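Enquirer: Pasting the sequence and the predicted model now:
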Amino acid sequence: MNDYLDPPATADEQAECLTRAGFPMESREEVCLPGGASDTRQDIELTSNRGDCLCHLGLAREIAAISGRVVKAPQPRPKAAGPRADTLIKVENREKTRCPLYTARIIRGVNVGPSPAWLQERLLARGDIPRNNIVDASNFVLFELGQPTHVFDLAKIKGGVIIIRRAAAGEQFLPIGEGAAELKLHPDDLVIADANNPVGIAGVKGGALSAVTSSTRDILIEAASFAPMTVRATSRRHGLPSDAAYRFERGVSPAQVNHAADRLVELILQLCGGELCEGVVSDGIAIPPMRTVRMRCERCRAIIGLPIPDQTMVDLLGRLDLKPVLERGVVRCTIPPQRLDLEREIDLVEEVARLHGLERLHIAETISVRVAPPQGSEMARCAVNDALVGMGYLETVTHSLVSEQAATAFLPPGMTAMKVEDERAGGEPVLRPSILPSLLRVFAHNRDNGVDDVRLFETASVFALLKDRHVERVNLALLAPGGNNGLREIRGAIDHLVHIVHGDQRRVTAEPQQAMPWFAPGAVLKLGDEVLGLCGALSPGVVGMFGLSGPIVGAEIGLPQHYHLYPPETEAHALPSFPAIERDVSAIVDDRTTWATVRGAVEGLRLEHAEAVEFVTTFRGKQIGSGRKSLTLRLRFRAPDRTLKHDEVDPQMQRVMELLKSKFKAEIRA
C-alpha cells in the first residue's frame, strides 16, 4: 500500500483512515516472507458499489483523501520497437454491447521464468502463489490497478485473429488451472476465440490450450471491458469464480483499459525482456466521455445538517480527484472513469459527509413518528384474505420456483418460461407462470397425510417471457376439491371477492374457453371488457402430474391489481317496506348458451317492478337430451308503495318465457 502513498502510513493508520472512509478493517495478520522479511495483511470490508477500491491504488486514494497524503500512481510509458501489431493479429468484436472495448498488444521474444524476489514477496504478502514472471505481472497489475488482463501465447492463436463472439451451443472449452475439467458452453456465454475455437471465457477464465508456458516466446496481452451482467451470469452458470470476474461484475470502465495495459506491458518488458510491437489492435465502441455531476451546496448542507462552507466542500471533493468547480453555490464535478458509483447529486453529498467525518453528523436522541393511515391496497388485501378464511380457505406461502414440467403445463400460449440458471435451484429451476402448480403440490401433500377436504389460496407473483419481454404480475389463486358444486362454489367465492373490492359497481361474467389446456372445462372471467382471470376444473392430466385423482377446481385472477380502488363507493338504501314476489322459471336451452347471455337478455326487457334476476341451478341428464341443459332462473318483483298481487306479475313472467322461446329456442319446463 505504501508504494502508492507519500508519506507512508503504518498499518494502524491505514486501518483508521479506511474505517473513517467507510471501509472498516475486518481482520489483520502478520505475514512472514522468504528471507526473513515480514508484512501486515489486512482484510478490508468494501461495499458492492465500490469496485474501484478492489485494488491497492483505489484504497490508497481513500487513505490519501482522508489523511491529506499524496497518491503516487504509476505512470507507465512503454516504448515500442517492433513491427506494427496489426500485421501479426486482427481483432473482430461481434458483441460490442457486451464487450465495449477489446485491446490486444504484442510482445515478441520474452523469456518466461521465475519472478524477481520483490514481485514474489508482494504476491505472497497478499496470499497468492507466484507462478512465473508473465502470470505474476498480470496478477500484480490486477491487484494494483483493479483492471483484469490476460496473456496468451501468440503462437497458439490460430488464424492470427481474436474474435469476441457468443459461444456455440455445446461448444467445448478447457479453462486454465490445475485439475480443471472441460466445460460445455452455453449460447449466452461470451468467449474470446481464435479462428477455430474459444481461447478464453470473456472476463472469467483463460483457456489452458493457449496459456503461457516456459517455451512461450511471443505473447498477446488482452485488456478489455466486459458487461457486468454477462460476466456474472457466465461465472455462476459454470461455477467459475475468479478475481477477474469479481471485478468485472462490479464494473470496469473502458477508460481504464489502456492505462492498465501499458502498466502490464512495461512490467513484462522489465521482467521478461522482449520487444513491444508498434500500436494497439482494438475493436469496440467509442470510450464515453467523463460524466459531469452537479451538487447544490445549500442542498448538501440541508441533507447533512452541518454548516459546511462552500469552499470546504470544494476542497473535500478535490481530494477525490473530482476536479470540482464552484459557480454560484453549485459545485460541478468531473467524475473519473473508475468512480462508476457517482451518478447523482446525492452521491456527491455522501462523499462530502464521508470526508468531512461521519462522526460529526448530528444524531437525534429521539425521533418523532407519525402513524400513517392504512393504505387502501393493504386494507383490500386483508379484507379479501379474511373473506377467504371465512369461506374455509387456508392461505399458503410457496416458493416461486417450480419444475420445468409443471411450468410447461401452465404456460399461456405465446409465452415462454423464465429459467433460473443457478445450480441451487436443483430440479425446480423455472419461475412459475402460474400459482396453481404450487397449490397443487400443497394439496397433494395434505392428501398424502390424510387431509382430503382442503381449500387453499395464495397471492403471489407469476412470471413469463413474451417475445423476450419480461412479464410479471401479482395474482390471487384458489384451489378446492371439485365434487358436485365445486365450480359453483369457487365462482361464488370470486363474485364475493369482487364485490368486496368493487361493491355493486362491477359484475363478473364467464366465457367458456379452450385455450388454456390445464382447465377442462374452463372459463375466462371478465369485469366488463377487462379480463380478470381464469377458472375451471383442472384437467385429469394436470391433476395426475401431481399424483392426485378426482375432480379439483381452481382459479387464478388478477384481483390484486384492483386493490388500490378499495374501499368501494357505497350508498345506503332504506330497507324495503313491502314484501317481494319471487317466480322461478326453468328452460331447456342449448348447452352452449351461457347464464350471462340469458340474464342480460332478461334484464334488457326492463320489466315493471323487477328487482333482480338470479341464477338458481343447471341440470343435465338423459331426460334433457344430449347437448342441452335445463337452466333455472329466479325473478324477484317488488313495488315500493304497496304489496304486489300475483296477477300483476303474471304478464311480466309471460314476457320472460316468450323471450326465452324466441331468442334461445327454449323449451319451458316450469
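Expert: On my side now, so go ahead.
Enquirer: Val161 reaches Leu88, doesn't it?
Expert: No. Judged on C-beta atoms under 8 Å, Val161 makes no contact with Leu88 at a distance of 10.6 Å. For every residue, glycine as well, the C-beta is placed using N, CA and C.
Enquirer: Between the two, point out the one with more neighbours.
Expert: Per other C-beta atoms under 10 Å, whichever of Val161 and Leu88 has more neighbours is Leu88, with 18 against 14.
Enquirer: which residues touch the more buried one?
Expert: The neighbourhood of Leu88, defined by C-beta atoms under 8 Å, 6 or more residues apart in numbering, consists of 106, 154, 160, 277.
Enquirer: Likewise for Thr312?
Expert: Residues near Thr312 by C-beta under 8 Å, 6+ apart: His356.
Enquirer: where does it sit relative to Leu306, distance-wise?
Expert: When distance is defined by C-beta to C-beta, to the nearest Å, Thr312 is 10 Å away from Leu306.
Enquirer: Next, show the common contact partners of these two.
Expert: His356.
Enquirer: Retrieve the pLDDT associated with the residue lying closest to Asp448 once chain neighbours are set aside.
Expert: Ranked by C-beta to C-beta, 6 or more residues apart in numbering and with sequence neighbours excluded, the top spatial neighbour of Asp448 is Gly547, at 7.8 Å. Per-residue confidence (pLDDT) for Gly547: 93.
Enquirer: so which strand or helix has Gly547?
Expert: Element membership of Gly547, judged by DSSP states H and E, is empty: it is in no helix or strand.
Enquirer: Give me the neighbour count for it.
Expert: Counted with other C-beta under 10 Å, the burial measure for Gly547 works out to 12 neighbours.
Enquirer: Test of understanding: give the bridge partners of the residue nearest in space to the middle of the chain.
Expert: In the chain, the C-alpha closest to the average C-alpha coordinate belongs to His470, at a distance of 9.7 Å (C-alpha atoms, centre = their mean). Note on His470: beta-bridge partners by DSSP bridges are Leu465.
Enquirer: surely it meets Met418?
Expert: Yes. With contacts counted by C-beta under 8 Å, His470 reaches Met418, the gap being 7.2 Å.
Enquirer: Overlap of the contact sets of those two?
Expert: Overlap of the contact sets of His470 and Met418 (by C-beta under 8 Å, 6+ apart) consists of Phe463.
Enquirer: and Gly200, what does it touch?
Expert: 150, 152, 191-192, 206-207, 210, 222.
Enquirer: again, only this time at 10 Å
Expert: With contacts taken as C-beta atoms under 10 Å, 6 or more residues apart in numbering, Gly200 has the following neighbours: 150, 152, 162, 164, 173, 175-176, 190-194, 206-207, 210-211, 222.
Enquirer: how about the helix or strand of the chain with the lowest mean pLDDT: buried residues?
Expert: Among the secondary structure pieces of the chain, namely its helices and strands, strand 508-513 has the lowest mean (mean pLDDT, DSSP states H and E), a mean of 86. Applying a neighbour-count criterion of 16 or more other C-beta atoms under 10 Å, one finds 508-510 buried in strand 508-513.
Enquirer: Tell me the neighbouring strands of whichever helix or strand comes after that strand, and mark each as parallel or antiparallel.
Expert: Downstream of strand 508-513, the next assigned helix or strand under DSSP H and E is strand 519-527. Strand 519-527 has these partner strands in its sheet, going by DSSP bridges: strand 508-513 (antiparallel), strand 530-538 (antiparallel).
Enquirer: Remind me which helix or strand Val462 belongs to.
Expert: Take DSSP H and E as the rule and Val462 turns out to sit in strand 455-466.
Enquirer: That strand packs against which elements?
Expert: With contacts defined as 3 or more C-beta pairs under 10 Å, 6 or more residues apart in numbering; DSSP states H and E, strand 455-466 has these neighbours: helix 376-390, strand 393-395, strand 418-419, strand 430-431, helix 436-448, strand 469-481, helix 486-502, strand 552-557.
Enquirer: Least confident of the ones you listed, on average?
Expert: That would be strand 418-419, which, of all those, carries the lowest mean pLDDT at a mean of 88.
Enquirer: Please state the offset of that one from the chain centre?
Expert: Taking C-alpha atoms, centre = their mean, to the nearest Å, one finds the center of strand 418-419 at 11 Å from the center of the full chain.
Enquirer: Direction included, what does that strand pair up with?
Expert: The partner list of strand 418-419 in its sheet, established with DSSP bridges, is strand 430-431 (antiparallel).
Enquirer: what comes into contact with the strand it pairs with?
Expert: Residues from elsewhere that reach strand 430-431 (C-beta under 10 Å, 6+ apart): 400-408, 411, 417-420, 425, 437, 461-465, 470, 472.
Enquirer: hmm, try it at 7 Å
Expert: Judged by C-beta atoms under 7 Å, 6 or more residues apart in numbering, the contacts made with strand 430-431 from elsewhere in the structure are 400-404, 407, 417-420, 463.
Enquirer: now swap in stretch 534-553 and tell me
Expert: Taking C-beta under 7 Å, 6+ apart as the criterion, the residues outside stretch 534-553 that touch it are 405, 409, 440-441, 443-444, 447, 479-483, 486-487, 490-491, 494, 516-525, 554-556.
Enquirer: Show the buried residues in the residues you listed.
Expert: 409, 440-441, 443-444, 447, 479-482, 486-487, 490-491, 494, 516, 518-519, 522-525, 554-556.
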